[in-house]
Structures are given as C-alpha cells and as structure tokens.
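1. Predicted coordinates and the sequence they were generated for:
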Amino acid sequence: MEMNRKILAFLFTIVLFNFIGLTLLITVQAYIVREYNTTALAVSLLTVFYAVFQFLAAPFLGRISDRYGRRPVLLVCLLGSSIGYFIFGIGGALWVLYLSRIIDGFTGGNVSVTTAIVSDISPAKDRTKNLGVIGAAFGLGFIIGPVIGGFLGQISLTAPAYAAGIFSLAAAIVGFFILPESLLKENRISDKIELKDLNPFASIGKFLTRSMLGILLIIFIIVNFTFNGFTITFPVFVIDKFTINPLNIGGLLFVSGIVIAIVQGGLIGKLAKKFGDKKLLTSGTLILISGLLFSFANNFWMLYPILAVISLGVGLISPTLNSQISKIVLPHEIGEVFGVSTALNSLTTIFGPLIAGILFDRIQPNAPYLGGAILLLIVLLLLMQYKPVLATKI
C-alpha cells in the first residue's frame with residue numbers, strides 16, 4: 001500500500017510536468033512560428049500535427065504496454081517528449097518546429113500509460129479517487145505552466161521550450177531509477193505485436209462495438225469534442241465582447257485550474273464513494289450543460305463563476321469516466337483502451353475547435369456553446385442506458 005502511494009505521487013509529478021511542459025510551449029509557440037510564417041494556419045498546424053500522430057500511435061503504444069509492461073513505454077514517451085521540446089527550442093525552420101510536434105505526438109502516450117498504471121495499482125473501490133488525484137495535476141499544470149512560461153519568455157522565446165524538455169527529461173531519469181513495473185506478468189497479453197496493430201481504427205472499432213464500453217467511449221468523444229471546442233473559441237468570444245487583456249484571460253484560466261485541482265485532487269474520491277460513478281457522470285453532465293448555457297454573460301465578472309461551473313462539470317466527469325472505462329475491460333486490455341481514448345481525444349482536439357470555429361464565425365458567437373449543450377443531452381440519454389460495472393465484479 002505504501003509503495004502504491006509512492007508510485008501515485010510519482011505519477012502525479014509526471015502528469016504535472018507533462019502539462020506544465022505543454023502550457024510552457026503554448027505561451028511562446030505563436031511568437032516563434034511567426035518568425036517563419038505569420039498565418040494563423042501555420043500556428044494551428046502545430047496542434048494538428050501533434051494530434052494526428054498521437055491518434056496514429058496512442059493505441060499501438062497502449063497495446064505495447066499491455067504486452068511488455070507500462071514502465072518501458074512510459075520512459076520512452078517521456079524521452080520522446082523531451083527530444084521534441086528540445087528540437088522545438090533549436091528551431092531554425094518551420095518544418096523543424098512541425099517535426100518536433102510530430103515526435104512528441106508519436107510518443108504522446110504519457111497520460112494514457114500513466115492512467116493505465118494508476119488502474120493497475122488501484123483497487124476498484126479507490127480507482128476514481130486515484131484517477132482524480134492524477135487529474136488534479138492537469139489543473140495545477142494549467143496554473144503553473146503559463147506563469148513559468150510567461151516569465152521565461154521574457155528572457156528568451158526559446159527558453160520555455162528548453163524548460164519543457166528539461167522537465168520531461170528529469171521525469172524520465174527519475175522514473176528510470178524509482179518507478180517499478182505495475183503490470184503483473186500474468187495480466188499481460190501473450191500475443192506478439194504485429195504490423196496490423198499499427199492500425200488505430202482496428203483498436204477503436206474493437207472497443208466501440210462492445211455495448212457498455214461503446215457507450216462510455218461515445219460519451220468520452222462528445223464531452224471532449226464539446227470541451228475542446230469551448231476552450232479554443234471562448235477566449236475569442238470574451239475578447240470580442242469585453243475587449244479585455246491577456247491578464248484577464250489568465251485570471252479565467254487560473255480559476256478553471258483551481259476548481260479542477262480541488263475537485264479531482266480532494267472531492268472526487270469522497271463523492272464517488274457516497275454517490276457512485278453513474279450519479280457523478282450524470283451530475284457532471286448537467287452541471288456542464290448549465291455552464292455552457294450561461295456562458296454568454298453580459299458582465300465580465302459573471303464569467304468567473306460560469307467558468308468555475310464548467311470546470312466543476314469537467315472535473316467530475318473526467319476521472320469518473322476513466323475509472324469506469326478501466327473497470328469494464330480486462331486487465332491486459334487497460335493499456336490499449338486508454339490508448340484508444342487518447343486517440344479519440346486527439347480527434348476531438350482537431351475537429352472540436354474546427355466545428356466550433358465555424359459555428360462561431362458563420363452563425364453566432366454563442367452557437368458553439370448552445371450546440372455543445374445540445375450534444376450533451378445525448379450523453380444524458382446514453383447514461384440512462386448505461387449499467388455501471390460494480391467493483392465487486394472486477
């Protein structure tokens with residue numbers, strides 16, 4: 001038990017470093033790209049290349065971790081992220097920047113493998129709580145990263161990229177010495193890794209066609225599609241409506257990060273034990289819908305509680321959904337299924353902002369949020385059909 005706590009603490013640090021690194025890069029990447037190309041598309045392609053190659057690789061990395069163990073895959077992913085960040089810092093040409101994001105995307109199994117490790121070491125009754133602790137690292141990274149990135153960016157535009165590389169490299173080195181293997185040999189798949197395993201659609205299709213798991217994955221797609229579309233267009237909506245400065249945007253992100261950290265870091269475990277996963281998923285969805293419906297406030301100060309409500313909804317849904325996904329598959333499938341969820345999230349990272357941007361520009365600014373709220377009604381209908389897996393049956 002004590003060893004599991006140490007592993008959980010280390011995994012929390014890895015995810016924290018991962019999101020700090022990501023947000024460090026976000027603070028300066030637009031400025032660096034504009035040295036070579038001033039179009040918005042050139043900047044957007046950084047995210048597109050990362051997401052596409054993460055989509056292609058994540059299920060395969062998950063399957064490798066089911067075959068050979070989590071530890072080696074996680075260490076390779078951390079090293080890949082480190083190399084990608086360092087290449088971005090070196091730069092020199094636009095294609096070099098894109099190459100750096102491709103490398104990071106192709107080895108972008110940090111979070112999915114970490115989630116699989118937490119599932120390996122956590123009893124079913126504690127899984128939602130422990131996954132919430134890991135999720136809290138996302139909230140803290142969202143707070144710390146932009147602050148460090150903004151400070152380092154004043155020294156040099158490339159300094160945040162090098163700092164992100166150092167964070168990932170440090171995590172890999174420390175992990176090499178202290179991280180044990182979490183997947184027991186009897187829980188590993190015995191099949192050899194074949195060329196067909198490189199096809200992400202095969203893994204996605206395999207899991208989507210299972211009735212209850214398919215429902216969970218569709219919910220995952222809808223929630224992430226909606227939230228990714230919101231996060232990209234909301235700053236534009238706020239800037240256009242209230243003519244605010246970056247400090248105000250930072251304040252909104254700070255509130256969001258704090259709420260997610262509190263909910264996932266402390267509350268989610270107690271709530272899961274008291275109400276159960278299905279009620280948490282339903283409540284989180286209703287809260288998220290209400291936040292989206294009121295997101296087009298007339299006064300700027302109202303955005304702080306509204307964003308807190310939206311973050312509360314996401315904070316309840318995310319770890320609970322991952323917990324249920326981990327409980328509904330066999331132990332030797334956990335790595336692959338979280339690879340699939342990472343791949344699906346990559347798709348929503350591409351298409352969520354794309355569709356939301358079109359709705360924002362062509363219909364009206366609040367259309368993405370009204371549309372997201374309508375989509376989330378489908379989640380409520382799916383939850384009515386979903387029968388949660390009981391921990392006693394795992």
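-> That came through fine. Residues are numbered from 1 along each chain as shown.
2. make it CA atoms for all contacts and neighbour counts henceforth
-> OK.
3. Please, where are all the helices along the stretch 201-350 of the chain?
-> 211-242, 246-262, 268-275, 277-293, 303-327, 334-362 (DSSP state H, counting those that start in this stretch).
4. Figure out which of those is closest to Lys125.
-> Lys125 lies closest to helix 268-275 among these, at 7.7 Å (CA to CA).
5. Any regions of the stretch 151-300 of the chain where pLDDT drops low?
-> 195, 197, 244-247, 249-250 (pLDDT under 70).
6. again, only using 80
-> Residue ranges of the stretch 151-300 of the chain with pLDDT under 80: 189-198, 231-254, 265-266, 295-298.
7. residues near Asn187, how many?
-> Other residues lying near Asn187 total 16 when counted by other CA atoms under 10 Å.
8. Hmm, Ile334 and it touching each other?
-> No - with contact defined as CA atoms under 8 Å, Asn187 does not reach Ile334; the gap is 10.0 Å.
9. And the strands in the stretch 51-200 of the chain, which stretches?
-> Counting by DSSP state E, counting those that start in this stretch, one finds no strands in the stretch 51-200 of the chain.
10. any chance of the helices of the stretch 201-350 of the chain in CSV, with distance to Ile178 too?
-> Shown next, in CSV, are the helices of the stretch 201-350 of the chain (distance: least, CA to CA, whole Å):
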stretch, distance to Ile178
helix 211-242, 33
helix 246-262, 26
helix 268-275, 26
helix 277-293, 32
helix 303-327, 25
helix 334-362, 21
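11. Just tell me which of the ones you listed ends up closest to Ser100.
-> Using CA to CA, those put helix 334-362 closest to Ser100, at 16.9 Å.
12. what does the very next helix or strand once past the closest one rub up against?
-> With elements assigned by DSSP states H and E, the helix or strand that comes after helix 334-362 is helix 367-385. The contact list for helix 367-385 (CA atoms under 8 Å, 6 or more residues apart in numbering) reads 215, 219, 222-223, 226-227, 229-230, 278, 281-282, 285, 288-290, 292-293, 295, 355-357, 359-360.
13. Could I have the buried ones of the residues you listed as ChimeraX selection syntax?
-> In ChimeraX, this line selects whichever of these come out buried by 16 or more other CA atoms under 10 Å:
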select :215,219,222,223,226,227,229,230,278,281,282,285,288,289,290,292,293,295,356,357,359,360
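14. quick one: Asn18 and Ser168 touch, right?
-> Yes - using CA under 8 Å, Asn18 is in contact with Ser168, at 6.9 Å.
15. Gly92 and Ile166, how far apart?
-> The spacing between Gly92 and Ile166, counted by CA to CA, to the nearest Å, is 20 Å.
16. More neighbours: those two, which one.
-> More crowded of Gly92 and Ile166, by other CA under 10 Å: Ile166, with 19 against 13.
17. Excluding sequence neighbours, find me the nearest residue to that one.
-> Ser82 (6.7 Å; CA to CA, 6 or more residues apart in numbering).
18. Tell me if I'm right that the one you found and Gly165 touch.
-> Yes - counting by CA under 8 Å, Gly165 is a contact partner of Ser82 at 4.1 Å.
19. joint contacts of these two?
-> Common neighbours of Ser82 and Gly165 (CA under 8 Å, 6+ apart) do not exist.
20. before we move on, the earlier item: residue contacts, the residue nearest to Ile166?
-> By CA under 8 Å, 6+ apart, the neighbours of Ser82 are Asp104, Ala164, Gly165, Ile166, Phe167, Ser168, Leu169.
21. now for the helices of the stretch 201-350 of the chain, which one comes closest to Thr47?
-> If we rank the helices of the stretch 201-350 of the chain by CA to CA, the stretch that ends up nearest is helix 334-362, at 7.8 Å.
22. Which among the helices of the stretch 201-350 of the chain is found nearest to Lys196?
-> Here helix 334-362 is closest among the helices of the stretch 201-350 of the chain (CA to CA), at 13.9 Å.
23. So what's the model's average confidence on that closest one?
-> The predicted model assigns helix 334-362 a mean pLDDT of 87.
24. Would you mind listing the buried residues in it?
-> Buried, per 16+ other CA under 10 Å, within helix 334-362: 334-354, 356-357, 359-360.
25. okay, the angle between that helix and helix 211-242?
-> 40 degrees (axes from the mean of the first three to the mean of the last three CA atoms, to 10 degrees).
26. tell me which strands and helices helix 334-362 is in contact with?
-> Using 3 or more CA pairs under 8 Å, 6 or more residues apart in numbering; DSSP states H and E, the elements in contact with helix 334-362 are helix 40-68, helix 110-121, helix 200-208, helix 211-242, helix 303-327, helix 367-385.
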